[in-house]
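**Q** how would this look folded up:
(chains A and B)
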Amino acid sequence: MAVTIDRELLDHLFPANLFLDEHLKFSSISSSLRKHFPDIEVGSPLFHHFDLPGGNDWAYFHAHDDRLKIVHLTSKCTNYKLAGAIVPQDGGYFLALHHVPTEKAFKENRFQISEFPPGDPRVQGLMLINLQRALIEESQDTAIELAYERQRSVELLDRISRIAGYMAHDFNNFLSIIKLNCDRLSREIGRNERMERLVSIIRDTAARGSSITNSLMKLSHQRTDTLMPMAIDKLIDENTAFLRTVVGSNVTLSVNLGGGDAQSVVSHVRLLNCLTNLLINSRDAMPNGGEITITTERRMAALIGGKNDPAAPMREYLAIEVADTGKGMTSAVLSRAFEPLFSTKSNGTGFGLASVLEFAREMGGDASVESAPGKGARVCMYFPTVGQHLSRTDVSATNFDANMGHEKVRILLVEDEPYALEALMEMLEGEGYEVTPCETGEAALQANERERYDVLLTDIVMPGQRGTELARLACAQQPHLSVILMSGYVPDPADIMPGWLFIRKPMDTGELLSLIKAATPIAA
Amino acid sequence: MYGMIHKGVRQMVIDQLGDEAWQATERKLGIGPTELVTGMVYEDSLTIEIIAEAAARLNLDMEDCLVEFGRYWIKFAERGSFGSFMDFTGQDFPSFIANLDRMHLAVATAMPKAQVPSFSLIKNSPGRMEVEYRSDRAGLEKFVIGLFQGLLDRFQRQGTVNIIGVTNQATMFEILHDHKD
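**A** Take a look at the predicted model:
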């Protein structure tokens, strides 16, 4: 049965088609092929434009064969390929071809769907490949956007954090002025219960404000602890129950506190963190149980690198030793025990012992470790004791007289807030100290150059020179000078020299006086 | 709908009102880049919410915004990663319309959760086309008008798009254009 189809339908069914005469010259080509091969003219030979894979064999076309002949044509000018079937016609050939597109050709927009026969699976394949490529490009863009957004969020959080920090600092300064002046009022009004009540309300409200600033400081990721002289034995004693929970029921924890009331300037939060880290290390070294002993004692030592060294000045330390009966360490492990990121535990971070050493050194002390395989480990932290003159009294005692039997203790007071400066000066003078008030670090340095002082009591955040910088310069001028820093911010430990004290605003008058007493050996 | 729709709305708002306007939109709707992932399927309600907010910012009612967005969508698709797709679908207006279903078939294969519409070129006479539109989604006829207008723009045609018949299953569009073929 013969079917006649018109040119339009032919082009629809075989968009890439062409007719050749008996001499294999073009007699017509479809519009799709015309688009890709505009140079082909009717009458020009096929083999001027295309090659057959096995050589341009005329016989291939002319040989009589009942089977459908497949043909592959490659353009001589480009790498363009066509494939399809040869259908003999009266006195010539009809080539029902299709494009063999490359991805490159697709990307260069050389084709459109209409150039492929209906139902041609190549269309679907091509579109899928390119759709996937487009989706990958989109994914890359999205990844970049997400990374940018994340960065933006981090920066926003950082800004909020900094603003919270500034607010807390400024608010603490104002609260400090309120509290100091409440104390002044209390002293002025004497025994007037009604007025005392009013002062008490103001003081309590300021204390509540202080708890808000604490929250703000936590939001701004600032530390909120202080650097106060403290009796470490007392701290450990108060936290023994907690420390026992750290080691678990499988391990016996013994605590032998021999430090008495010796005081060291430490951050109690970080000291507890260190003890916790050490206990966890010891516990993990004894999976089948064992014993851990915490021992404290006063030790005279001249420490350098955790060892006695005659080159170092001899002084008293409060030593905290954590010893276990675990598996111990080989000499190779021991030599790297304080190394950051080094850990023998599969889930260890390598920060535990490293942070212990870092903390002890920041506090002006040191740390050491001894161990041997099968003989457990013994880690010792050393913290310089302060106010040895106070060792038999409580620094918080209030019966201290700053000039009793001695020359007056001389305080160089630096505070850029005039109301705070005034209140502090009055309070300190009322306590018997000789006070030189300065509103700037520069003025304080000039005064320090002229006069001898026992204590530098300085704000940290001030216009011009920061309190920590001032303290360094002032100590260079007068090495005996005791330093007490005060601020609404808790300073970076790296900015604080060992032995310096720190009190956070808003200050408690009693706490400040205790610090000054701890800092002045004249009280001995 | 797929996140690429959301990206299209975003770009339209940015192109017309600036980056700040889109950031304000994101803040109001509580969305961000995670709601703009091209290959991710989101609830249609979120897409409608985004378009409604864009409409409010562009001072358009929802229907006009859908037309505007449909028209914009063509530009957005042709200049992005899907540009070669658009070219492949058709390099003249009638071919493009005629091949829309084949393009959507490929999209549906690669993105199986896409509820792609169907377009059938029912009549194609010089200067006039009738296209039947079917979709599982209701209420997007104005968007389709915008799409056809966008295609007229793409192929440098002047024309109008009208709805000439609506049944439960399909909507018939008439596209009158200055014939160039």
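
**Q** The longest strand along chain A pairs with which strands?
**A** Criterion DSSP state E: the longest strand present in chain A is strand A:290-301. Strand A:290-301 pairs in its sheet with strand A:251-258 (parallel), strand A:315-324 (antiparallel), by DSSP bridges.

**Q** Just the terminal-to-terminal distance for stretch B:20-40.
**A** 25 Å (CA to CA, to the nearest Å).

**Q** Next, the buried residues of that stretch.
**A** B:22, B:25-26, B:31-33, B:35-40 (16 or more other CB atoms under 10 Å in any protein chain shown). C-betas here are computed from N, CA, C, even on glycine.

**Q** Check these and tell me the two furthest apart.
**A** B:T25 and B:G39 (21.8 Å; CB to CB).

**Q** Turn the strands paired with strand A:290-301 into TSV, columns for mean pLDDT.
**A** Compiled in TSV, those are given as follows (pLDDT from 0 to 100):
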stretch	mean pLDDT
strand A:251-258	91
strand A:315-324	90
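
**Q** about what we covered before: within reach of chain A, which of the buried residues of stretch B:20-40 are there?
**A** Among the buried residues of stretch B:20-40, proximity to chain A is found for B:32-33, B:36-39 (CB under 8 Å from any CB of the partner chain).

**Q** what are the ranges of the strands in chain B?
**A** Using DSSP E, strands in chain B cover B:118-125, B:128-134, B:159-166, B:171-177.

**Q** other SSEs contacting the second one?
**A** By that I understand strand B:128-134. On a contact count with 3 or more CB pairs under 8 Å, 6 or more residues apart in numbering or on different chains; DSSP states H and E, strand B:128-134 meets helix B:93-110, strand B:118-125, helix B:141-154, strand B:171-177.

**Q** The third one too?
**A** Secondary structure elements in contact with strand B:159-166, counted by 3+ CB pairs under 8 Å, 6+ apart, are helix B:141-154, strand B:171-177.

**Q** With just CA atoms, put the shortest one into CSV.
**A** What follows is strand B:171-177 as a C-alpha-only set of coordinates in CSV (Å, rounded to 0.1, in the frame of the first residue of the first chain):
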residue,chain,number,x,y,z
THR,B,171,-9.4,27.2,30.0
MET,B,172,-9.3,28.4,26.4
PHE,B,173,-7.0,31.3,25.6
GLU,B,174,-7.1,33.4,22.5
ILE,B,175,-3.8,35.1,21.5
LEU,B,176,-4.1,37.8,18.9
HIS,B,177,-0.8,39.0,17.6
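
**Q** helix or strand for A:D158, which one?
**A** helix A:121-189 (DSSP states H and E).

**Q** what residues go with each domain of the chain?
**A** In the absence of a named chain, chain A is used. The record, using automatic domain parsing to delimit domains, assigns chain A the ranges A:7-118, A:128-219, A:228-386, A:410-523.

**Q** I was thinking of chain B, sorry if that wasn't clear
**A** Taken from automatic domain parsing, chain B resolves into B:3-59, B:90-177.

**Q** so how far does the shortest one reach from one end to the other?
**A** In this case it means domain B:3-59. 24 Å.

**Q** picking that back up, and the contacts of the longest strand of chain A?
**A** Here strand A:290-301 makes contact (CB atoms under 8 Å, 6 or more residues apart in numbering or on different chains) with A:232-233, A:236, A:243, A:247, A:251-260, A:262, A:275, A:279, A:282-283, A:286, A:308, A:314-326, A:376, A:382, A:385.

**Q** Would you write a PyMOL line that selects the buried entries of those residues?
**A** Selecting only the buried entries of the contacts of strand A:290-301 in PyMOL, with 16+ other CB under 10 Å as the criterion:
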select buried, chain A and resi 232+233+236+243+247+251+253+255+257+259+260+262+275+279+282+283+286+316+317+318+319+320+321+322+323+324+325+326+376+382+385
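
**Q** Output the set of residues of chain B in proximity to chain A.
**A** So far as CB under 8 Å from any CB goes, chain B lies against chain A at B:4, B:32-34, B:36-39, B:80-82, B:84-85, B:87-91, B:95, B:98-99, B:102-103, B:105-107, B:109-111.

**Q** where in the stretch 101-250 of chain A is pLDDT low?
**A** By pLDDT under 70, the weakly predicted segments of the stretch 101-250 of chain A are A:103, A:106-107, A:109, A:218-226.

**Q** Find the closest residue to chain B in it.
**A** Closest to chain B within the stretch 101-250 of chain A is A:M127: 3.4 Å, counting by CB to the nearest CB.

**Q** show me what contacts that residue?
**A** Counted by CB under 8 Å, 6+ apart, A:M127 has contacts B:85, B:88, B:103, B:106-107, B:110.

**Q** quick one: least confident of these?
**A** Looking at those by pLDDT, the weakest one is B:A110, with 76.

**Q** check which helix or strand covers A:L73.
**A** strand A:69-75.

**Q** Quick one: residues in contact with that strand.
**A** Taking CB under 8 Å, 6+ apart as the rule, strand A:69-75 contacts A:37, A:46, A:49-53, A:60-61, A:80-86, A:95, A:97.

**Q** Tell me the pLDDT of B:E130.
**A** 95.

**Q** same check, this time on the one 10 residues further on
**A** As predicted, B:L140 sits at a pLDDT of 89.

**Q** B:L66 is in contact with that one, correct?
**A** Yes. Shown here, B:L140 and B:L66 form a contact pair, counting by CB atoms under 8 Å, at 7.0 Å.

**Q** quick revisit: any idea which of the helices and strands packed on strand B:128-134 is most buried?
**A** helix B:141-154 (a mean of 21; mean count of other CB atoms under 10 Å in any protein chain shown).

**Q** Using CSV, write out the CA atom coordinates for that one.
**A** Extracted in CSV, the C-alpha atoms of helix B:141-154 (Å, rounded to 0.1, in the frame of the first residue of the first chain):
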residue,chain,number,x,y,z
GLU,B,141,-5.3,31.9,34.7
LYS,B,142,-4.1,35.5,35.2
PHE,B,143,-0.6,34.1,35.6
VAL,B,144,-1.0,32.3,32.3
ILE,B,145,-2.2,35.5,30.5
GLY,B,146,1.1,37.1,31.8
LEU,B,147,3.1,34.1,30.5
PHE,B,148,1.6,34.5,27.0
GLN,B,149,2.3,38.3,27.1
GLY,B,150,5.8,37.5,28.2
LEU,B,151,6.2,35.2,25.2
LEU,B,152,4.9,37.9,22.9
ASP,B,153,7.6,40.2,24.3
ARG,B,154,10.2,37.5,23.9
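
**Q** Grab the nearest non-local neighbour of residue 17.
**A** Here I'm looking at chain A. A:S30 (4.7 Å; CB to CB, 6 or more residues apart in numbering or on different chains).

**Q** that's the wrong chain, I wanted chain B
**A** Nearest non-adjacent residue to B:L17 (CB to CB, 6+ apart): B:R57, at 6.0 Å.

**Q** Could you list the residues of chain A in contact with chain B?
**A** Residues of chain A lying near chain B (CB under 8 Å from any CB): A:106-107, A:109, A:111-114, A:123-124, A:126-128, A:130-135, A:137-139, A:141-142, A:145-146, A:148-149.

**Q** are any of those buried, and which?
**A** By 16+ other CB under 10 Å, the residues of chain A next to chain B give A:106, A:111-114, A:123-124, A:126-127, A:130-131, A:133-135, A:138, A:141-142, A:145 as buried.

**Q** what residues are up against the residue in chain B positioned nearest to chain A?
**A** With CB to the nearest CB as the measure, B:A106 is the residue of chain B nearest to chain A, at 3.4 Å. The contact partners of B:A106, by CB under 8 Å, 6+ apart, come to A:123-124, A:127-128, A:131.

**Q** try 10 Å
**A** With contact set as CB atoms under 10 Å, 6 or more residues apart in numbering or on different chains, B:A106 has these partners: A:113, A:123-131, B:85, B:88-89, B:116.

**Q** Repeat that for B:E43.
**A** B:1, B:49.

**Q** how about stretch A:177-192 as PDB, C-alpha atoms only?
**A** Provided in PDB are the C-alpha atoms of stretch A:177-192 (Å, rounded to 0.1, in the frame of the first residue of the first chain):
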ATOM      1  CA  ILE A 177      27.500  55.600  90.800                       C
ATOM      2  CA  ILE A 178      24.100  54.900  92.300                       C
ATOM      3  CA  LYS A 179      25.400  52.200  94.600                       C
ATOM      4  CA  LEU A 180      28.400  54.300  95.700                       C
ATOM      5  CA  ASN A 181      26.300  57.300  96.400                       C
ATOM      6  CA  CYS A 182      23.800  55.100  98.300                       C
ATOM      7  CA  ASP A 183      26.700  54.200 100.600                       C
ATOM      8  CA  ARG A 184      27.600  57.900 100.900                       C
ATOM      9  CA  LEU A 185      24.000  58.600 101.800                       C
ATOM     10  CA  SER A 186      24.000  55.900 104.400                       C
ATOM     11  CA  ARG A 187      27.000  57.300 106.000                       C
ATOM     12  CA  GLU A 188      25.600  60.800 106.000                       C
ATOM     13  CA  ILE A 189      22.100  60.200 107.400                       C
ATOM     14  CA  GLY A 190      23.300  58.100 110.300                       C
ATOM     15  CA  ARG A 191      20.500  56.500 112.300                       C
ATOM     16  CA  ASN A 192      17.400  57.600 110.500                       C
END
